[in-house]
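Undergrad: Mind looking at a prediction? Sequence and model below.
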Amino acid sequence: MSSSHAFDHRLSGLIGRFYDAAADNALWAGMADDVAGSLESTSAVLKLHGADDTVQLLESTVNLHVSDRQQSWATHWHRQDLWVERAASFGVSRVVTDHDLVSPIEQRKSGFYQEWLRELDIHHMVGAVFPGGNGALGVLGVHRPKRAGAYDDTDRHKVSILLPHLQRAIWLGQQLAITAARQAVTEEVLARIDAGVFAVDVRCRIMSLNAGGEALLDGASGLAVSHGRLRLQDGLLDQCMAQMVQTSVSTASGHPVPPGAAMVVPRDGRLPLTMIVTPLRPSGIGTQTQPLALVIVRDPEAATLSTTGLRELFGFTRSEAVIARDLASGLSLDDVAEQRGIGAATARSHLKRILSKTNTHRQAEAVALIARSVAALDQRT
């Protein structure tokens with residue numbers, strides 16, 4: 001194998017690892033060692049300099065690590081990095097060496113060289129600064145001690161090959177992190193919301209659903225699944241829902257039609273369900289690539305409030321939190337007293353303290369505040 005072929009193979013493998021790390025942040029570990037090795041160097045660093053003077057070290061070789069007691073000193077010199085300052089002026093995404101940035105006289109006089117680099121046994125550098133996203137400046141620096149000799153055009157060429165892929169991988173990693181965070185938020189909200197949420201296609205086939213949706217299907221709610229399709233037990237209402245789903249999917253496809261998106265689903269001897277159907281446009285991410293409709297269903301009898309959450313929010317006692325929850329569920333004060341086995345005077349005394357602790361003056365105000373509080377999203381009991 002020729003040295004040229006070995007060189008190309010090594011860089012190709014390193015570039016592949018950049019993109020692997022974009023998908024899995026843990027894979028950046030050890031990358032600096034490989035970058036340094038590909039340029040026959042002793043150290044390498046990859047970092048982000050933020051617009052607010054913050055420095056985030058993404059990856060570095062072990063010999064650049066400092067002890068805990070030296071952290072403030074290291075942070076100072078990362079912020080005062082002369083090479084970064086000069087490289088930014090020299091040109092973003094332009095590969096440079098220390099010879100391009102500082103003169104021998106500056107090297108002898110600079111605290112950056114004499115204090116920071118001398119401690120790390122660094123003298124020569126090849127690298128670049130590049131756009132790091134969110135106003136930050138990405139920095140790739142590869143280093144050698146003075147005795148190893150300066151970097152040449154071959155080294156510049158190697159960095160020029162790696163740099164665009166490194167920049168792209170960092171950008172992709174940032175975008176994937178944003179997407180993952182949004183997905184995590186969505187999943188958490190769907191898990192906590194006191195409603196059943198169904199993502200369905202134009203034929204009402206269920207593509208996904210949350211825990212609230214599963215609970216509605218498991219209970220005697222008037223909702224059911226037939227051959228994977230969400231349906232209502234009442235045939236006429238089922239046709240109305242199907243029409244709303246078709247309308248929403250059409251809108252999600254980019255063909256808006258007049259909506260008819262909300263309906264009440266009556267139930268014998270029980271409070272009715274309420275339903276809204278809304279378009280869910282393709283995200284282009286993961287498996288959600290087709291237009292869908294969201295069917296959101298609330299069961300007023302299934303709504304619950306966390307007594308633990310109510311106690312933390314308003315300073316209720318355990319008894320007050322239970323009574324506040326009962327009132328917010330629609331029970332009258334007399335019904336609460338009967339259900340809890342307490343006298344009417346005791347119930348009124350609890351209500352008085354609930355009003356005081358919620359800073360409200362009427363039972364209706366307190367009920368509205370409690371029912372709409374974040375205790376409805378608290379999964380604790």
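TA: That came through, no problem. What you are looking at is a predicted structure, and each value in this text was computed from that prediction instead of being measured.

Undergrad: Relative to Gln379, how far out is the residue most central in space within the chain?
TA: For the chain, Ala181 is the residue whose C-alpha lies nearest the centre (Cα atoms, centre = their mean; 1.2 Å). Separation of Ala181 from Gln379 (Cβ to Cβ, to the nearest Å): 20 Å. Placement of C-beta: from N, CA and C, glycine included.

Undergrad: Okay, buried residues for the biggest helix by length in the chain please.
TA: In the chain, taking DSSP state H as the definition, the longest helix is helix 153-192. Going by neighbour count (16 or more other Cβ atoms under 10 Å), the buried part of helix 153-192 is 155-156, 158-159, 161-163, 165-167, 169-171, 173-174, 190.

Undergrad: again with stretch 192-204
TA: Buried-residue list, stretch 192-204, by 16+ other Cβ under 10 Å: Ile193, Ala195, Gly196, Val197, Phe198, Ala199, Val200, Asp201, Val202, Cys204.

Undergrad: And the furthest pair within the residues you listed?
TA: Ile193 and Val202 (24.3 Å; Cβ to Cβ).

Undergrad: residue ranges of the helices in the stretch 51-200 of the chain, please?
TA: 71-79, 82-90, 98-101, 104-109, 111, 118-120, 153-192 (DSSP state H, counting those that start in this stretch).

Undergrad: Mind checking these for the one nearest to Tyr19?
TA: Nearest to Tyr19, of the helices of the stretch 51-200 of the chain and by Cβ to Cβ, is helix 153-192 at 5.3 Å.

Undergrad: So which elements touch that closest one?
TA: Helices and strands touching helix 153-192, by 3 or more Cβ pairs under 8 Å, 6 or more residues apart in numbering; DSSP states H and E, are helix 3-23, helix 31-38, strand 124-133, strand 136-144, helix 211-218.

Undergrad: Could you pull out the buried residues of the longest one?
TA: Yep, that's helix 3-23 we're talking about. Those would be Leu11, Leu14, Ile15, Arg17, Phe18, Ala21, Ala22, for helix 3-23 by 16+ other Cβ under 10 Å.

Undergrad: Minimum distance to Ile370: which of the helices and strands packed on helix 153-192 has it?
TA: Across the helices and strands packed on helix 153-192, closest to Ile370 is helix 211-218 (Cβ to Cβ), at 20.1 Å.

Undergrad: Ala371 contacts Leu305, correct?
TA: Yes - using Cβ atoms under 8 Å, Ala371 is in contact with Leu305, at 7.3 Å.

Undergrad: hang on, the earlier thing: kindly calculate the angle that the longest helix of the chain makes with strand 124-133.
TA: For helix 153-192 against strand 124-133, the angle by axes from the mean of the first three to the mean of the last three Cα atoms, to 10 degrees is 30 degrees.

Undergrad: Mind giving me the packing neighbours of the helix or strand containing Ile323?
TA: Per DSSP states H and E, Ile323 falls inside helix 318-328. Helix 318-328 is packed against helix 307-314, helix 333-340, helix 344-358, helix 363-371, with contacts defined by 3+ Cβ pairs under 8 Å, 6+ apart.

Undergrad: and it with helix 333-340, angle?
TA: 130 degrees.

Undergrad: buried sites along helix 318-328?
TA: Glu320, Ala321, Val322, Ile323, Ala324, Arg325, Asp326, Leu327, Ala328.

Undergrad: Could you single out the nearest of those to Leu82?
TA: Ala321 (61.0 Å).

Undergrad: from memory the closest one sits against Leu310, does it?
TA: Yes - the pair Ala321 and Leu310 passes the contact test of Cβ under 8 Å, sitting 4.2 Å apart.

Undergrad: how about low-confidence regions in the chain?
TA: Applying pLDDT under 70 to the chain flags the ranges 1-8, 259-260, 284-288.

Undergrad: 80 instead?
TA: 1-9, 220-221, 257-260, 283-289, 303 (pLDDT under 80).

Undergrad: can you list the domain ranges for it.
TA: Here the domain parsing of the chain from automatic domain parsing is 3-182, 195-298, 307-377.

Undergrad: measure the shortest one end to end?
TA: Looking at domain 307-377, the gap from its leading to its trailing residue is 11 Å under the measure Cα to Cα, to the nearest Å.

Undergrad: neighbours around Ala32, how many?
TA: Neighbours of Ala32 under the rule other Cβ atoms under 10 Å: 24.

Undergrad: Surely it and Leu46 touch.
TA: Yes - Ala32 is within contact range of Leu46, at 6.2 Å (criterion: Cβ under 8 Å).

Undergrad: If you count neighbours, what's buried in stretch 245-255?
TA: Val245, Gln246, Thr247, Ser248, Val249, Ser250, Thr251, Ala252.

Undergrad: Other residues contacting it?
TA: 200-202, 204, 256-261, 277-282, 291-295 (Cβ atoms under 8 Å, 6 or more residues apart in numbering).

Undergrad: How about stretch 181-199?
TA: So stretch 181-199 is contacted by 206-217, 223, 230, 280, 288, 292-299, 302-304, 376-379 (Cβ under 8 Å, 6+ apart).

Undergrad: Type out the PyMOL command that picks the buried ones from the residues you listed.
TA: Only the buried entries of the contacts of stretch 181-199 go into this PyMOL selection, using 16+ other Cβ under 10 Å:
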select buried, resi 206+209+210+212+213+216+217+223+230+280+288+292+293+294+295+296+297+298+299+302+376+378
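
Undergrad: out of the contacts of stretch 181-199, which are inside strands?
TA: Among the contacts of stretch 181-199, the members falling in strands (DSSP state E) are 206-209, 223, 230, 280, 292-298.
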